[in-house]
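Novice: Quick one, structure for this:
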Amino acid sequence: MNLPVPILMYHSVAHTPNRATRALSVAPEAFAEQMALLGDGGFTPLTTAQLVAAWRSSRPLPRRPVLITFDDGYEGVHRHALPVLAQHGFVSTLFVSTGWIRGAHDTGGGLDSMLDWDQVRALADSGVEVGGHSHTHPQLDQLGDEALGWELLRCKEIVAAELGTRPASFAYPYGYSSRRVRRAVREAGFAQSLAVGNALARRRQGPYALRRVTVRRTTTIDEFARLAHGQAIARTFARDRALTKGYAVVRRARKIYRKATWTRV
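Specialist: Numbering: from 1, shown residues only. Below you'll find the model as predicted:
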């Protein structure tokens, strides 16, 4: 059966996040409570690769499947989230912006305390799938073809070099993609990728445009329970959708301008 699956999108897990990351952060206590709800509710977490592999092969999914995903690469994923995930035996997927991870490839763009590569390796060794999230976290659909390809391949090469395994999954920074971006992600060698959309993931969305739902600092445990059960999604994110539609007009205008600039060059 092709039932929809909730893919939970986290960012920072921190007691005192900075201003830039606070809205999309989750307190460690809240994260622990949310994972306990999943455990008590009989949910079965999957990695991104596991979900798409099951859909590609038409294998049945486990009872109450759910995905736990983290974007960017904040240090709290190792410090606070990993012990809770290990306690419940949950798998998850971490999407790293390689230029934000502390170490040899750091561009200095990280928004808060970021993971280093030893911590990323520890997460991978614990069963966390590590996927790509570009190198410098740009809006990929606003880039020219050359810059777009560089962001994807640089990210893939660094993850492969640091972990010894090429990443199979990708998540679009800011959730933004286009047909051109999705094609580039596929051509770069990623087998599947996630957007945002604040909707449940469905097989018909295709492996390069799977939707996720945002978990943020203001998400109450009752609201989280509804997200996990796939209930009241449209109502919960009605304001987000209205803002997204308005910003889409601005972004289309920027894209047209940049495309004209690339043509002149």
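Novice: After the helix or strand harbouring R226, which helix or strand is next? Please name it.
Specialist: Assessed by DSSP states H and E, R226 sits inside helix 221-228. The helix or strand immediately downstream of helix 221-228 is helix 233-236, counting by DSSP H and E.
Novice: in the helix holding R226, what's buried?
Specialist: 224, 226-228 (16 or more other CB atoms under 10 Å). Quick note: C-beta positions are derived from backbone N, CA and C, even for glycine.
Novice: And A238, how far from N198?
Specialist: Separation of A238 from N198 (CB to CB, to the nearest Å) stands at 9 Å.
Novice: Looking at those two, which is more packed in?
Specialist: Legend: neighbour count by other CB atoms under 10 Å for A238 and N198, higher for N198 (20 against 12).
Novice: Flag the shaky bits of the stretch 101-250 of the chain, pLDDT-wise.
Specialist: 239-250 (pLDDT under 70).
Novice: Do a quick rundown of the helices in the protein.
Specialist: Per DSSP state H, the chain carries helices over the ranges 28-40, 48-57, 76, 82-88, 117-125, 145-163, 179-187, 221-228, 233-236, 238-264.
Novice: List the contacts of the fifth one.
Specialist: Residues from elsewhere that reach helix 117-125 (CB atoms under 8 Å, 6 or more residues apart in numbering): 73, 75, 77-78, 82, 94, 96, 101-103, 115, 130, 162-163, 165.
Novice: quick revisit: of the buried residues of helix 221-228, which is the nearest to L153?
Specialist: Ranked by distance to L153 (CB to CB), these are led by L227 at 34.0 Å.
Novice: tell me which residues in stretch 16-33 are buried?
Specialist: Within stretch 16-33, the residues scored as buried using 16+ other CB under 10 Å are 17, 21, 24-28, 30-32.
Novice: Farthest-apart pair in those, please.
Specialist: Across those (CB to CB), the longest gap, 19.0 Å, separates T21 and A32.
Novice: what's H135 in contact with, if anything?
Specialist: 97-99, 105, 107, 150-151, 154-155, 158.
Novice: which among those residues end up buried?
Specialist: Buried, going by 16+ other CB under 10 Å: 97-99, 105, 151, 154-155, 158, out of these.
Novice: how about the residues you listed in CSV, adding distance to P65?
Specialist: Shown next, in CSV, are the buried ones among the contacts of H135 (distance: CB to CB, whole Å):
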residue, distance to P65
S97, 27
T98, 29
G99, 32
H105, 34
E151, 30
R154, 32
C155, 27
I158, 30
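Novice: farthest-separated two in those?
Specialist: Comparing every pair within the buried ones among the contacts of H135 by CB to CB identifies H105 and E151 as the most remote, at 12.9 Å.
Novice: Report pLDDT for the nearest residue to V96 once chain neighbours are set aside.
Specialist: Distances taken as CB to CB, 6 or more residues apart in numbering put G73 closest to V96, at 4.2 Å, once the chain neighbours are dropped. Among the per-residue scores, G73 holds a pLDDT of 98.
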